[in-house]
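Participant: fold the following for me, if possible:
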Amino acid sequence: MNYSDNFKQNVLLYENDSKCHYHNNRNDFLKDVETLSKKIIETHKIIQRQEQIEIHRIVKEFDYKNYAKRFGIDVATVLSSLIGVKQAVKEISKFGMGGKA
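Facilitator: Presented below is the predicted three-dimensional model:
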């Protein structure tokens, strides 16, 4: 049994619970790994953009609807509970809003 026989039997890639095609050689396998890595990176970027959009929406809504006065809570507390203290402080400073986290 040589390396390529062993490679064919032991290495499989999965994408969304389905097997990627079987790989005849190391280069095909590496190309598929690279393609999947690019998809993962792009998906992470999309998720980060969506998170930023939602954080921006929450901060704007909090400010426009005067939730601090209405409910007696500051935006830092709300954001900290949703995204964590460190990230909340960073986001609040972006918007120039006061508040303690």
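Participant: could you list every helix and strand in contact with the one helix or strand Thr35 maps to?
Facilitator: Here Thr35, judged by DSSP states H and E, is contained in helix 26-64. On a contact count with 3 or more C-beta pairs under 8 Å, 6 or more residues apart in numbering; DSSP states H and E, helix 26-64 meets helix 3-10, helix 75-83, helix 85-95. All C-beta spots, glycine's among them, are computed from the backbone N, C-alpha and C.
Participant: buried deepest among these, which one?
Facilitator: helix 75-83 (a mean of 18; mean count of other C-beta atoms under 10 Å).
Participant: and the angle for that helix with helix 26-64?
Facilitator: Here the directions of helix 75-83 and helix 26-64 differ by 150 degrees (axes from the mean of the first three to the mean of the last three C-alpha atoms, to 10 degrees).
Participant: could you check the angle helix 75-83 makes with helix 85-95?
Facilitator: If you take the same axes, to 10 degrees, helix 75-83 sits at 130 degrees to helix 85-95.
Participant: re earlier: now do the helix holding Thr35: distance to the chain's middle.
Facilitator: Chain-centre distance of helix 26-64: 5 Å, with C-alpha atoms, centre = their mean, to the nearest Å.
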